[in-house]
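A.B. asks: Sequence first, then the predicted structure, then my questions.
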Amino acid sequence: MKKVYTCFCTDVIHDGHLNILNEAKKYGRVIVGCLSDKALIRYNRFPTVSQEERVKLYRSLEGVDEVVIQEDMLYDDVLMLIQPDIVIHGDNWKEGPEKAIRDHVEKLVKGYGGELIDIPYTYNEKVKKLDLQLKEKLSMPEYRRKRLRQLIEMTPVVKTMEAHSGLTGLIVEKTVVEHEGKLDQFDAMWVSSLCDSTAKGKPDIELVDMTSRFRTIDDIMEVTTKPIIFDGDTGGLTEHFVYTVRSLERMGVSAVIIEDKTGLKKNSLFGTEVEQTQASIEDFSEKIAAGKKAQLTDDFMIIARIESLILERGMEDALERAAAFVKAGADGIMIHSRRKDPAEILEFCDKFRETDKKTPIVVVPSSFNTITEAELAEHGVNIVIYANQLTRSAFPAMKKTAEDILKYHRAKEVDDRLMPIKDIITLIDEL
Ligand code: SPV
Ligand code: MG
């Protein structure tokens, strides 16, 4: 009897999957692959049910003879092990980023004499509705909030990109690339104080008030599902911070990062060029502890950001603070640097990891931008934040367009660098 293989990466079964199974069983014994959580978060979207539950669901389907875990998005592991005579898939993977995976699978299957069959993809009203319902579920506060902790467990580095509006949120949510045959996407969003303030034409000095910052979060949340890390600046007065924690938690934000500064906060990338005061270990520990006490769920994270390297107070000070802030209840440590060379960041991570193997480490490689995510992960980093690159790429593009329209007294000269109107109106999903 022939072996027929298909891979599912779904949390719910709809007509499309049943159609694939019906086709598959015509050829022989049906083996369904359950794409692992680890591969799924790069390939598709975050699962709403666990890997075990998905396996159980697939097993319960009529026509399924066996279910296996597929660890590799590219199918290498299962195809080499099982060598199915036939691999079957909906024909939707013939275009877009998924095409690279299809091409790879075709080569593998043909290599050992098997066959790849694409069957017409089912896309009806019911399928569309189910898809929207899953997205809605992922965006609900109780599901979104806990996702950062889940991601830290699931992936070597949580890739986080800045968002400061619905539109930038959509870019972080939807951008999927194919690189070296694999698909990749961001895991989470960073609501940067710098970019949120800049978008409002204001300096990054805690001038944009919390109500306004929450409005930005809300704009992003309305159109996305990925978890949010909020840049809470200094956290303000402890008496105010406890309210901020409650509000963020209620909204479904996953984490707040607060920095150990006091008085008028200026952006860290100014370093020692401007007057900035670091908070005492005691005062900042108290703020963390008060925030942790105010928090109601186990999901939310308060991450302490250490400014010792930025303010040139030395490695020992940074490490002493990290230990104290973890003791005060911090769920993670963000270490920042404005050096081009990542050496001091790596030294911190290595030394911190000598005594603390578990507390997540967060870094923002804006200045030390030559280091890769994998290298950072090797030194114990869990979350990498690209804190401002969307803003910094959009601003020069918009400025140049404005200048050229002024220069040529018409818009024709800029037209070939503009997004077509049709693309911009279809960028936004309609319900
Ligand atoms: C931000 O994005 O607002 C940050 C990171 O706080 S940094 O600008 O590097 O200080
Ligand atoms: Mg900031």
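C.D. replies: Perfect, I can see it now. Ligands and ions are numbered 1, 2, ... in the order given.
A.B. asks: and the residue of the stretch 151-300 of the chain found nearest ligand 2, what pLDDT?
C.D. replies: Nearest to ligand 2 in the stretch 151-300 of the chain, going by C-beta to the ion, is residue 193, at a distance of 3.3 Å. Just so you know, the C-beta spots here come from the backbone N, C-alpha and C atoms, and that holds for glycine as well. pLDDT recorded at residue 193 is 98.
A.B. asks: and the residue lying closest to it once chain neighbours are set aside, backbone torsions?
C.D. replies: For residue 193, ignoring the flanking residues on the chain, the nearest one in space by C-beta to C-beta, 6 or more residues apart in numbering is residue 231 at 4.4 Å. Phi and psi for residue 231, reported as degrees, to the nearest 10, are phi -80, psi 100.
A.B. asks: Equivalent analysis for residue 307, please.
C.D. replies: As for residue 307, its main-chain torsions (degrees, to the nearest 10) stand at phi -100, psi 10.
A.B. asks: ditto for residue 69
C.D. replies: Backbone torsions of residue 69, given as degrees, to the nearest 10, read phi -90, psi 130.
A.B. asks: how about the strand or helix carrying residue 25: buried residues?
C.D. replies: Residue 25 belongs to helix 15-27 when assigned by DSSP states H and E. Counting neighbours by 16 or more other C-beta atoms under 10 Å, one finds that the buried residues in helix 15-27 are 16, 17, 20, 21, 23, 24, 27.
A.B. asks: Tabulate the residues you listed (a markdown table), appending pLDDT and distance to ligand 2.
C.D. replies: Converted to a markdown table, these look like this (pLDDT from 0 to 100; distance: C-beta to the ion, whole Å):
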| residue | pLDDT | distance to ligand 2 |
| --- | --- | --- |
| 16 | 91 | 44 |
| 17 | 94 | 44 |
| 20 | 96 | 47 |
| 21 | 97 | 50 |
| 23 | 96 | 53 |
| 24 | 97 | 52 |
| 27 | 97 | 57 |
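A.B. asks: Do you have the helices of the stretch 201-350 of the chain handy? List them.
C.D. replies: 210-223, 238-251, 281-294, 315-327, 343-355 (DSSP state H, counting those that start in this stretch).
A.B. asks: and the angle from the third one to helix 315-327?
C.D. replies: Meaning helix 281-294. 30 degrees (axes from the mean of the first three to the mean of the last three C-alpha atoms, to 10 degrees).
A.B. asks: Show me the contact partners of helix 281-294.
C.D. replies: 235, 238, 241-243, 245-246, 256, 258, 260, 262, 279, 302, 304, 320-321, 324-325, 327-330 (C-beta atoms under 8 Å, 6 or more residues apart in numbering).
A.B. asks: Of the residues you listed, which qualify as buried by neighbour count?
C.D. replies: Buried members of the contacts of helix 281-294, scored by 16+ other C-beta under 10 Å, are 235, 238, 241-242, 245, 256, 258, 260, 279, 302, 304, 321, 324-325, 328-330.
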